[in-house]
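**Student:** Sequence first, predicted model second:
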Amino acid sequence: MSIESLGKIAVLMGGTSAERKVSLRSGNAVADALESVGGNVVRVDIQGHAISQLTELDFDVAFIALHGRGGEDGTIQGVLEWLDKPYTGSGVMASALAMDKWRTKMIWMAAQLPTPSAYLLDASSDWVAINEALDANAIVKPAREGSSIGMRRVHNAEDLKSSYEFASEYDGLVLAERWVEGREFTVAIVDGEALPVIQLRTSHEFYDYDAKYQSNDTEYLLPCGLSDSEEKALQSLALKAFDVLGAAGWGRVDVMQDADGAFWLLEANTSPGMTDHSLVPMAAKASGMDFSELVTRLLAEAVERHGH
């Protein structure tokens, strides 16, 4: 499908979530790439009045470069469904599920896919019992934030409680997940295909917001350091994890490998970053696809899926 045949492309960016700054960087990178190959692009900074913004806009297809709530959780996808416009990435249900780390975990567990054990926290949680159950080694996460916002590593009941209070400033739904010691990998998925796996190495305690977007000492290993058979097994696991959520188009699945070599699913991301530090473009490049080819392919897939 040629770039001209896509018509007018609305690149949706910004939004109102905690990830607004990152989204603006992603959106502008996507728009620049599309324009460089002759795309007819309109850049749309999504604000609190997204419905009227999109209703009044003349466009043929949307590239969703929004991250976090409002852009990655099924909300904007629902607006585009009502407008009958094709858009990149997953539909309403899969976007909403993948945004919610707790419900993602429930589905993976029901599908018998490996994911670390976790507890949902609230103000009346038994901090001592949960800390013991997680072997005094856990990570506390807001269930519906991205970019590692609001996350903290904990080793005792007191930390668990204070980290819950910190995370609950970002989201009313907070979980404590068993910490997996080992190597971290990410698997980019584009149009039903798992791309070359990337290993992430950071000097930070975990791959947090700073390591993702600001740090220059984060290492991205490609090839990832796994044997061919291990990499194939991980790609297969990531595709299953993505598919069981009903996800489509493109995304990323984050995974840990423990000391015994076992893989553990952490989360799925249905609207990953598209900045100069981002992982999907990096994996695409390793598979022979440059950035403008990647974004054009995602749009073509969206138009094709919408037509069925």
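**Tutor:** That came in fine, so what should we check first?

**Student:** The closest residue to residue 219 other than its chain neighbours and residue 224, how far apart?
**Tutor:** Closest residue to residue 219 apart from its sequence neighbours, by CB to CB, 6 or more residues apart in numbering: residue 201 at 4.0 Å. Heads up, the C-betas are built off the backbone N, CA and C, glycines and all. According to CB to CB, to the nearest Å, residue 201 stands 11 Å off from residue 224.

**Student:** The closest residue in space to residue 223 that isn't next to it in sequence: neighbour count?
**Tutor:** Closest residue in space to residue 223, ignoring its immediate chain neighbours: residue 196 at 7.1 Å, by CB to CB, 6+ apart. Neighbourhood size, residue 196 [other CB atoms under 10 Å]: 18.

**Student:** next one: residue 261
**Tutor:** 12.

**Student:** can you tell me the helix or strand for the nearest residue to it once chain neighbours are set aside?
**Tutor:** Once flanking residues are discounted, residue 261 sits nearest to residue 230: 7.5 Å by CB to CB, 6+ apart. Assigned by DSSP states H and E, residue 230 falls within helix 228-244.

**Student:** immediately after that helix, which helix or strand?
**Tutor:** Toward the C-terminus from helix 228-244 - assigned by DSSP H and E - lies strand 250-258.

**Student:** distance between the helix or strand following that following strand and the chain's centre?
**Tutor:** As assigned by DSSP H and E, the chain's next helix or strand after strand 250-258 is strand 263-269. Relative to its chain's centre, strand 263-269 lies at 10 Å (CA atoms, centre = their mean, to the nearest Å).

**Student:** quick check: mean pLDDT across strand 263-269?
**Tutor:** In this model, strand 263-269 has a mean pLDDT of 96.

**Student:** same check, this time on stretch 144-154
**Tutor:** 78.

**Student:** Which residue, other than its chain neighbours, is closest to the residue of the chain positioned farthest from its centre?
**Tutor:** Within the chain, the residue lying farthest from the chain centre (CA atoms, centre = their mean) is residue 128, at 31.7 Å. Closest residue in space to residue 128, ignoring its immediate chain neighbours: residue 157 at 4.6 Å, by CB to CB, 6+ apart.

**Student:** one step back: what residues are up against the residue nearest to residue 219?
**Tutor:** By CB atoms under 8 Å, 6 or more residues apart in numbering, the contact set of residue 201 is 184, 218, 219, 220, 221.
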